[in-house]
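[1] Dropping the sequence and predicted coords here.
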Amino acid sequence: MAKEILTQIKVQAPGGQATPAPPIGPALGQHGVNIGQFVAQFNERTKDLAGTIVPVVITIYKDKSFTFEVKSPPASVLLKKAAQIAKGSGVPNKEKVGKVTAEQVREIAKTKLKDLNTQNIEQAEKIIRGTARSMGIEVVEG
C-alpha cells in the first residue's frame, strides 16, 4: 500500500547550498520533518547547480518521511545568467537591460522543456522569448 500524503510544499533554494534557515526550515519544521536530512539530500542532489536558484517540490507523508523532486531553474534566472545582468528591467517595453542570442534561448528552452506545458521545442522557445521580453531582455539573431 502506498504511503498516505500529508502535504506538498514548494520552495526555491540555491542549488548545493541549502540551509535549515528560512524558507526551508520553517516550512519543513511545522510538519515534523527532519530538516537536516532534507538539506543534506537536497545539497547532494543539486551540487552541480551550485548557487543557482532551484525550485523543489517536497512531498511529506503521514509518517514524517518525505520525497522531493528538483525542477529546472526558473527561466528568469537562466535568462539573467545568459544576459549577464543582475535583474530585469522595471519598464521592459521602454528600457532594455541586456541581450541574449537565439542560440542561448534555444539552450534555455531545452533545459526547461520537461517543466513547461509543451513538448515542442519551438513553442518552448516562444515561452522563453516571452519571459525575456517581459524582463527587458532583447533576443538577437546570430
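    Ah, there it is.
[2] element containing the closest residue in space to Ala124 that isn't next to it in sequence, please.
    What sits nearest to Ala124 in space, not counting adjacent residues and going by C-beta to C-beta, 6 or more residues apart in numbering, is Ala109, at 3.9 Å. For glycine as for every other residue, the C-beta is placed from the backbone atoms N, C-alpha and C. Assigned by DSSP states H and E, Ala109 belongs to helix 102-112.
[3] May I see the buried residues of that helix?
    Buried residues in helix 102-112, counted by 16 or more other C-beta atoms under 10 Å: 104-105, 108-109, 112.
[4] do stretch 112-122 as well
    For stretch 112-122, by 16+ other C-beta under 10 Å, it's 112-113, 116.
[5] With stretch 85-93 instead?
    For stretch 85-93, by 16+ other C-beta under 10 Å, it's 85, 88-89.
[6] hey, C-alpha coordinates of that stretch in PDB?
    In PDB, the C-alpha atoms belonging to stretch 85-93 read as follows (Å, rounded to 0.1, in the frame of the first residue of the first chain):
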ATOM      1  CA  ILE A  85      22.600  41.000 -15.700                       C
ATOM      2  CA  ALA A  86      21.600  41.300 -12.000                       C
ATOM      3  CA  LYS A  87      17.900  42.000 -12.600                       C
ATOM      4  CA  GLY A  88      15.300  42.600 -15.200                       C
ATOM      5  CA  SER A  89      14.000  46.000 -16.300                       C
ATOM      6  CA  GLY A  90      11.400  47.900 -14.300                       C
ATOM      7  CA  VAL A  91       9.900  49.200 -17.600                       C
ATOM      8  CA  PRO A  92      10.700  46.400 -20.100                       C
ATOM      9  CA  ASN A  93       8.800  48.000 -23.000                       C
END
